[in-house]
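A.B. asks: Prediction below, plus the sequence it came from.
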2 protein chains.
Amino acid sequence: MSDQRVENMSLKHAVLALLQAEEGSGYDLSKRFKSGLGYFWSASHQQIYQQLKKMLAEQLIDVREMPQVGKPDKKVYQITALGEEVLRQWIESPCKASKVNDAFLVKLYAGDCVDNQVLLAKIVEQQEYHRKLLATFELLERQYLDLDPAQRSSYKLPYMTLRKGILGEQAWLAWSKEALALLTD
Amino acid sequence: MSDQRVENMSLKHAVLALLQAEEGSGYDLSKRFKSGLGYFWSASHQQIYQQLKKMLAEQLIDVREMPQVGKPDKKVYQITALGEEVLRQWIESPCKASKVNDAFLVKLYAGDCVDNQVLLAKIVEQQEYHRKLLATFELLERQYLDLDPAQRSSYKLPYMTLRKGILGEQAWLAWSKEALALLTD
DNA sequence: TTGACCATGTAACCAGTTACATGATTTG
DNA sequence: CAAATCATGTAACTGGTTACATGGTCAA
């Protein structure tokens, strides 16, 4: 009577991915989600703290308490051998289709019940956001390209995901120009 | 002491968007999610049936029971004036940042704990998926372009979202070629 | 002195997934 | 004869969001 749980949802795995690269506190992980992984896997700090508690119980991670002076104490988490094994197996398992929930496109889709000006303004507003994001990505890319070849090779995979971000944002901006042209005829 | 609920999550609004275009049963909506809107807003049939029940209670929609012969009876839902108003206000309200959860990219990001071959195979497998999706989109585009100008204008906004799909998938495929090259050096 | 950053969490609620449940008709 | 399509739902669970809660340091 084995407890064959399917175990497929993956904030857990995203956290393992981060801890595999480097140990860190909940707060650290939260920042790393915001700056890197978060562009394709989002997580709030509340979610992260809860998740770490669960993962500790499952022995996927260990914790070390770090007293600090002038700052609140930290709990620094490390991935365990079991955690690494679980991560590896998850990576090798089939990918679930990625879920997209893009409210902006739903609004456009149903946009004939509002004024055209409203839609134009929305697109322009989103362009602003995507331009900034692309600029951020391009900055990160320049930093990567300035590394010497040895260091570059150790960041090759994260760099690949960064390139995904760059091409994706460029495509978004190219689309938005088309969209504005279509709307203004 | 007003009950100022923020009311921002939007399966509800996606359903209103579909019903605004045309009335339909839960089953119909489910299919329409799968074929069109679903590319940027996903919903299971269970979710849809529950949502319709709530929206009926909130008087955003009405229902008409349709007995059928040789098929199970249908409940056909229509958007109400209140529903239209709620949809309009939602469209005009600020967009929440769209949430992405892409397990494939998390796997790549953390991929140095598995064999390179595994990653190559994953990319090729995903390419397959994205090629098919692009082909589907291109078919829909051809259908749109074959319409006469009058009809085209009434599908202009959905067509814009289709173009988003096409440019997005093309970018994905372009990226994947880069990624394969990077991985095999 | 205001706001950002550091650092941790709990609780209530809402949204989404998985599993279960039924049953007729049509197509290969 | 099996599988897909039509058509509706419930129940239990898991994942995610919002709101609340605390409190010190540092820079403008």
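C.D. replies: Nice, thanks for sending it over.
A.B. asks: from the chain's centre, how far out does the helix or strand containing A:Lys122 sit?
C.D. replies: Assigned by DSSP states H and E, A:Lys122 belongs to helix A:116-145. Between the centre of helix A:116-145 and the centre of its chain there are 17 Å (Cα atoms, centre = their mean, to the nearest Å).
A.B. asks: any weak-confidence spans in chain A?
C.D. replies: Low-confidence segments of chain A (pLDDT under 70): A:1-8.
A.B. asks: Could you list the domains of it?
C.D. replies: A:11-92, A:103-184 (automatic domain parsing).
A.B. asks: Chain A against DNA strand C: which residues are in contact?
C.D. replies: A:6, A:8, A:25-28, A:30-31, A:45-46, A:49-50, A:52-53, A:68, A:71-75, A:99, A:101 (Cβ under 7 Å from any atom of the strand). Bear in mind the C-beta positions are built from the backbone N, C-alpha and C, glycine included.
A.B. asks: Now with 6 Å, please.
C.D. replies: A:6, A:8, A:25-27, A:45-46, A:49-50, A:68, A:71-72, A:74-75, A:99 (Cβ under 6 Å from any atom of the strand).
A.B. asks: sorry, back to before: just tell me which of the domains of chain A ends up closest to B:Arg131.
C.D. replies: domain A:103-184 (16.2 Å; Cβ to Cβ).
A.B. asks: about what we covered before: just the buried subset of the residues of chain A next to DNA strand C, please.
C.D. replies: Among those, those scoring as buried are A:25-26, A:74 (criterion: 16 or more other Cβ atoms under 10 Å in any protein chain shown).
A.B. asks: Which members of the residues you listed occur in strands, if any?
C.D. replies: Judged by DSSP state E, those include A:Lys74 as members of strands.
A.B. asks: quick one, what contacts the closest residue to DNA strand C within chain A?
C.D. replies: Closest contact between chain A and DNA strand C, by Cβ to the nearest atom of the strand, is at A:Tyr27 (2.9 Å). The contact partners of A:Tyr27, taken as Cβ atoms under 8 Å, 6 or more residues apart in numbering or on different chains, are A:45, A:74.
A.B. asks: quick revisit: tell me the buried residues in the helix holding A:Lys122?
C.D. replies: Across helix A:116-145, burial judged by 16+ other Cβ under 10 Å covers A:119, A:122-123, A:126-127, A:130, A:133-134, A:137, A:140, A:144.
A.B. asks: Relative to the whole chain's centre, how far out is the next helix or strand after that helix?
C.D. replies: Sequence-wise, the next helix or strand downstream of helix A:116-145 (DSSP H and E) is helix A:149-154. Centroid separation between helix A:149-154 and its chain, computed with Cα atoms, centre = their mean, is 22 Å.
A.B. asks: go on, stretch A:64-76?
C.D. replies: With Cα atoms, centre = their mean, you get 26 Å for stretch A:64-76.
A.B. asks: One more: stretch A:66-77?
C.D. replies: With Cα atoms, centre = their mean, you get 25 Å for stretch A:66-77.
A.B. asks: ok, and does it reach over to chain B?
C.D. replies: No: figure legend: stretch A:66-77 not in contact with chain B (Cβ under 8 Å from any Cβ of the partner chain); closest approach 15.7 Å.
A.B. asks: And for stretch A:94-110?
C.D. replies: Yes: Stretch A:94-110 reaches chain B (Cβ under 8 Å from any Cβ) through A:95-110.
A.B. asks: and A:Asp28, which of the three is it?
C.D. replies: helix (DSSP: H, G, I helix; E, B strand; the rest coil).
A.B. asks: Dead centre of chain A: give me the residue that sits there.
C.D. replies: For chain A, the residue sitting closest to the mean C-alpha position, by Cα atoms, centre = their mean, is A:Gly38 at 2.1 Å.
A.B. asks: now it: how far from B:Leu167?
C.D. replies: Using Cβ to Cβ, to the nearest Å, A:Gly38 is found at 23 Å from B:Leu167.
A.B. asks: Next: A:Leu120.
C.D. replies: On the measure of Cβ to Cβ, A:Leu120 and B:Leu167 end up 19 Å apart.
A.B. asks: Please apply the same query to A:His130.
C.D. replies: 13 Å.
A.B. asks: One more: A:Gly36?
C.D. replies: 25 Å.
A.B. asks: who's more crowded, those two?
C.D. replies: B:Leu167 (21 against 18; other Cβ atoms under 10 Å in any protein chain shown).
A.B. asks: can you tell me if the helix or strand hosting the more buried one touches chain A.
C.D. replies: Element membership of B:Leu167, judged by DSSP H and E, is helix B:156-184. Yes: shown here: helix B:156-184 in contact with chain A (Cβ under 8 Å from any Cβ) through B:156-161, B:163-164, B:167-168, B:170-172, B:174-175, B:178-179, B:182-183.
A.B. asks: buried subset of those?
C.D. replies: Listed as buried from the residues of helix B:156-184 next to chain A are B:157-161, B:163-164, B:167-168, B:170-172, B:175, B:179, B:183; burial here means 16+ other Cβ under 10 Å.
A.B. asks: ok, now which ones touch the closest residue to A:Trp172 other than its chain neighbours?
C.D. replies: Nearest residue to A:Trp172, sequence neighbours excluded (Cβ to Cβ, 6 or more residues apart in numbering or on different chains): A:His130, at 4.9 Å. The contact partners of A:His130, taken as Cβ under 8 Å, 6+ apart, are A:169, A:172-173, A:176.
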